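*Asks:* could you work out the structure for the sequence below:
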Amino acid sequence: MTLRRSAATVLAASAVLCAAAGPVAVAAPTPSPKPVIPSGLYGKTDPMYDGVWRQSLALLAQDTVGVKPAAKAVSWLVGQQCDSGGFPAYRADSTEPCNAKTMVDSNATAAAVQALSALGGQDSAVKKSVDWLKSTQNQDGGWSYSPGAPTDSNSTSIVIGALAAAGEKPGEVKSQKDRSPYDALVTFAIPCDAKTGGGAFAYQPDKAGKLAPNGDATAAAVLGGLGKGLVVEGKDGGKKAQCAQGGKPTPEMTTANGAAYLAATLAKSGHLDTPPMPGAEDAKPLPDFGNTADAVVALAAQGGAEQAKKPLTWLEKNSAGWAKQSGPAAYAQLIFAAHATGTDPKSFGGADLVKALNATGPAPESVQQPEAKKDDDGSGFGAWWIVGIVFVASAGAGILFSGRKKKNRQR
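*Replies:* Numbering: from 1, shown residues only. Sure, this is the predicted structure:
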């Protein structure tokens, strides 16, 4: 799940379009000041649009692989929370209270809830955030990125994951109109008999009410429909996903259909593509690494690691450059994909994702060491090693005893 439709993405797109439409002769742009990165924050890029998101993913990924994050990294994240319980994308001065201009959002809040719930010891912060999420639920049962906006499938899905991580039952969190998050989620599902995108989920309906298939939304909605968060344990022996049609759409049906859509799409190239930017519909699509990683997690959660084998292999071969450039959230997404499929994140296509993630922020307090290789008896040392150790120890004692006897005779 990338930083979906963030202000950073919108501004970047606007800048490109404005540059293309603007006059040829323009003044040289004023260099932007280098962003000041707090010592507890992961990543070196400007955190204005993704500080809480990338921090949450980094901490959650570390916890998943047995790494205990630095205390100041956790404190930084907790310090970003507003008194209301919501989290903004980033606020530079956490000593200043949030106000009406502070843009809190459901995605940053839900990601923070998942991270803090996993780390433990932050019950108060988690409860405040969960209460805030419940207070911003739309009447259709879902959530929008910003409170008060129309529901979208991505935000609804990540909030479901947050509620589950916090010990809530998402299906029982209902609006005043008695609508649950799952009720909202199925409204974004495209029927299997649609001409295009059958089985997929849309981000939101367009102005005409039509649903367009969206890989990012589909990966998120499959996890949401399963009541899962960003970290999942892949199923074993899952059946091949097939799109089923007929009857009233249910969370179970639409979730399976979404997985079928992902599997069929990924079967072609092994990866999802980035959607075209506004005004560039004819541009050649590029691989979307982040959403491909999310799709691996979704497929593993729905149908098992075998269903995610092709995109996982593609990521192992091709994601190193993207992760290095994108930073902590990217490494976290790859760790989630590895974890969901039972793949070693310390040997992911020849890369150590855990080491790379740890290097993007403050040194962790501890790193879980791999267990000693066990012999057939299940112990850390084989029986022959034990015999060898006893033999060496006995021989050393014999030599020492013999040397002492000789010295005593010479006296």
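*Asks:* so, low pLDDT: which residues of the stretch 101-250 of the chain?
*Replies:* Within the stretch 101-250 of the chain, the segments meeting pLDDT under 70 span 237-239.
*Asks:* ok, which stretches of the stretch 301-411 of the chain are strands?
*Replies:* For the stretch 301-411 of the chain, the strands defined by DSSP state E, counting those that start in this stretch occupy 366-367.
*Asks:* any weak-confidence spans in it?
*Replies:* For the stretch 301-411 of the chain (pLDDT under 70), the answer is 369-411.
*Asks:* all helices of it, in order?
*Replies:* Here the stretch 301-411 of the chain has its helices, by DSSP state H, counting those that start in this stretch, at 309-318, 320-326, 328-340, 353-358, 383-410.
*Asks:* contacting residues around the fourth one?
*Replies:* If I follow you right, that is helix 353-358. Residues outside helix 353-358 that contact it (C-beta atoms under 8 Å, 6 or more residues apart in numbering): 42, 58, 61-62, 65, 67, 323-324, 328, 331-332, 334-335, 338, 345-346, 364, 367. All C-beta spots, glycine's among them, are computed from the backbone N, C-alpha and C.
*Asks:* can you point out the buried residues in that helix?
*Replies:* For helix 353-358, burial by neighbour count (16 or more other C-beta atoms under 10 Å) applies to 353, 354, 356, 357, 358.
*Asks:* contacting residues around residue 36?
*Replies:* Contacts of residue 36 (C-beta under 8 Å, 6+ apart): residue 92.
*Asks:* mind checking how far it is from residue 100?
*Replies:* The spacing between residue 36 and residue 100, counted by C-beta to C-beta, to the nearest Å, is 25 Å.
*Asks:* residue 49: which of the buried residues of helix 353-358 is nearest?
*Replies:* residue 357 (20.1 Å; C-beta to C-beta).
*Asks:* regarding residue 48, what is its secondary structure?
*Replies:* Secondary structure, DSSP: H, G, I helix; E, B strand; the rest coil: residue 48 is coil.
*Asks:* hmm, it is touching residue 103, no?
*Replies:* No: with contact defined as C-beta atoms under 8 Å, residue 48 does not reach residue 103; the gap is 10.7 Å.
*Asks:* spit out the residues that contact the two alike.
*Replies:* By C-beta under 8 Å, 6+ apart, the residues touching both residue 48 and residue 103 are residue 89.
*Asks:* and residue 79, how many neighbours?
*Replies:* Using other C-beta atoms under 10 Å, residue 79 has 14 neighbouring residues.
*Asks:* read off the pLDDT value for the closest residue to it other than its chain neighbours.
*Replies:* Excluding the flanking residues, the one nearest residue 79 by C-beta to C-beta, 6 or more residues apart in numbering is residue 94, at 4.2 Å. We have a pLDDT of 94 for residue 94.
*Asks:* and the gap between residue 94 and residue 122?
*Replies:* Taking C-beta to C-beta, one finds residue 94 at 15 Å from residue 122.
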